[in-house]
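In: Pasting a predicted model and its sequence here:
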Number of protein chains: 2
Amino acid sequence: MSGSCFADRLEKHLNLTERERAALARLEENQRKVKRGAMIQRANETITELFVLRAGRVMSYVILPDGSRQILRVYFAGDFIGSASTVYSKSPEALVALSDSVLCPFDKYALRVLLEEHPRVAALMFVLSQMERVALTDRLASLGRSSARARVASFLLDIIDRLRLMDDSITNSFDLKLTQEEIGDAVGLTSVHVNRMIRQMEADGLISRSNGRIALLNEKALEEIGHYTNRYNDLDLDWLPDA
Amino acid sequence: MSGSCFADRLEKHLNLTERERAALARLEENQRKVKRGAMIQRANETITELFVLRAGRVMSYVILPDGSRQILRVYFAGDFIGSASTVYSKSPEALVALSDSVLCPFDKYALRVLLEEHPRVAALMFVLSQMERVALTDRLASLGRSSARARVASFLLDIIDRLRLMDDSITNSFDLKLTQEEIGDAVGLTSVHVNRMIRQMEADGLISRSNGRIALLNEKALEEIGHYTNRYNDLDLDWLPDA
DNA sequence: AAGGGGCGTTTTACCTCCGTAACGAAACCT
DNA sequence: AGGTTTCGTTACGGAGGTAAAACGCCCCTT
């Protein structure tokens, strides 16, 4: 366990050197605690800060002119967030804490130094960003081309697989920490219809629920319903620069 | 005009050094011509090649188990494609030429050398990948939270703005090179309904068509209908390492 | 020039999945 | 206890999907 939560995350995929770990730890020198519901970054505001999410859960979203919301992504401990601000001077998306969380803010210019001095970390940042790109295209296919039932199923599977990545103790149940309205805003449905789907899946014995926790009782079936594939098995990072 | 089409694209955003241009040109040493309709990369096949698209037009898509297709992205000259293969050993998406095209294939390991030797280019690759990420989240919001009319409008605007980025001669009309079925597969609609929307927009005087070309007659109105914002104006690349 | 096949577009009729609106119950604050 | 948030459920309507056929156009072939 190094001082850097982000380094821990990267080490799920490959081994870092001491120097690299130290450099990454420097991104997390500052900490900021935020409460559930806190706005971390407003959309369309000037920003120079990025964050490593050290603990808790965060979502990013946009609000359309008609008031509807699209949740873009849910983030977990170890994730690098706010990365859009590496490119745009005004944040294209808002960030809100879904649970009490700990953030490590750092400056764009700190990222610059990191990338200059650690080519392998630079390559890794590119790789992480590609992983997120693929996750987004998967969700795009889900919203564009599958039914409400399929969208909810694949969304649940994606969340549990990402939680498992950092927490080995998770078996088949987890705390979603999202309201049904939020699930709807993530997969492009209304809360009413999310509720229909969830109760239907519960009636079908695919999932069960008790006070906020969701248990996936038949993942194979859910994967089929949701057209879901776990991409984290098929990584190829051999081409990255040597340590 | 350097030897590298990709360098030309990057120079739309910032100035490269001679050394950097030379390094990028090395990615485009090989050329391959492909005909319209040619499969460049099949989904789920082992791959080690990436491409710079030198001329023509290419799309990426996935096919869901039920046979439906989701087009993920349309690429133009100067775009870097197949980037998912930097992360996965099997391609998560298929690539097909939408018009006769010229591709410059290169190996993952060539990318590695580039990133090791040119930290600024590495940072730039990260930036490009973030730009694509934001483009995807915009489309995610479009599919998840807006009407058929809005989806078609924003799709057309996105295409024309990306064409304009590389070709100053474009005013308000362009060659789409997509069938209505393909438009539908890109924005999550059926060809029938795309047709309804397009003819409606034509009747409303928002667009006009003649032999494959589409003219946007009222971009302001289309932007409002599609909840569209052109992100290419708001870039902030000042933090990148110095030349 | 005539005929024909292929591809994309247009149109019609019908249907269904999902959204809208509304309200009551339960759970959660403070 | 009283407000606030979330969940559950209903009835209804509409946006968009499905299926099918006709139409137009280009290119081929004879």
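Out: Perfect, I can see it now. Note that the structure is predicted; figures quoted are calculated from it, not measured.

In: Just grab the bridge partners of the spatially most central residue of chain A for me.
Out: By C-alpha atoms, centre = their mean, chain A has its centre lying nearest to A:Tyr75, at 3.0 Å. Judged by DSSP bridges, the bridge partners of A:Tyr75 are A:Val58.

In: I'd assumed A:Arg54 was in contact with it.
Out: No - using C-beta atoms under 8 Å, A:Tyr75 is not in contact with A:Arg54; the gap is 11.2 Å. In this view, the C-beta of every residue, glycine as well, is placed from N, C-alpha and C.

In: Up against DNA strand C, what does chain A have?
Out: Neighbours of DNA strand C within chain A, by C-beta under 7 Å from any atom of the strand: A:147-149, A:184, A:188-190, A:192-193, A:211-212.

In: Looking at chain A, which residue is nearest DNA strand C?
Out: Nearest to DNA strand C in chain A, going by C-beta to the nearest atom of the strand, is A:His193, at a distance of 3.2 Å.

In: tell me the pLDDT at that residue?
Out: A:His193 carries a pLDDT value of 98.

In: so which strand or helix has it?
Out: helix A:191-203 (DSSP states H and E).

In: what about that helix and DNA strand D, any contact?
Out: Yes - Helix A:191-203 lies within reach of DNA strand D by C-beta under 7 Å from any atom of the strand, at A:191-192, A:195-196, A:198-199.

In: Repeat that for stretch A:222-231.
Out: No - shown here: stretch A:222-231 not in contact with DNA strand D (C-beta under 7 Å from any atom of the strand), separated by at least 14.5 Å.

In: Enumerate the positions of that stretch that are buried.
Out: Using 16 or more other C-beta atoms under 10 Å in any protein chain shown as the test for burial, stretch A:222-231 gives A:222-223, A:225-228, A:231.

In: Helix, strand, or coil at A:Cys104?
Out: strand (DSSP: H, G, I helix; E, B strand; the rest coil).

In: in terms of contact, does it touch A:Glu49 like I think?
Out: No - A:Cys104 lies out of contact with A:Glu49 (C-beta under 8 Å); the separation is 10.2 Å.

In: domain assignment for chain A?
Out: Structural domains annotated on chain A: A:5-117, A:136-233, as defined by automatic domain parsing.

In: Tabulate those in JSON lines, adding columns for distance to B:Ser129.
Out: Below are these laid out as JSON lines (distance: least, C-beta to C-beta, whole Å):
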{"stretch": "domain A:5-117", "distance to B:Ser129": "9"}
{"stretch": "domain A:136-233", "distance to B:Ser129": "11"}
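
In: out of these, which comes closest to B:Leu128?
Out: In terms of C-beta to C-beta, the element of the domains of chain A nearest to B:Leu128 is domain A:5-117, at 8.7 Å.

In: Just checking the closest one against DNA strand D, any contact.
Out: No - judged by C-beta under 7 Å from any atom of the strand, domain A:5-117 makes no contact with DNA strand D; its nearest approach is 8.2 Å.

In: okay, how far is it across that domain, tip to tip?
Out: 20 Å (C-alpha to C-alpha, to the nearest Å).

In: Next, work out how far apart A:Glu132 and DNA strand D are.
Out: Counting by C-beta to the nearest atom of the strand, to the nearest Å, the separation of A:Glu132 from DNA strand D is 26 Å.

In: and that residue, helix, strand or coil?
Out: helix.

In: Name the nearest residue to it, sequence neighbours excluded.
Out: Closest residue in space to A:Glu132, ignoring its immediate chain neighbours: B:Arg133 at 6.2 Å, by C-beta to C-beta, 6 or more residues apart in numbering or on different chains.
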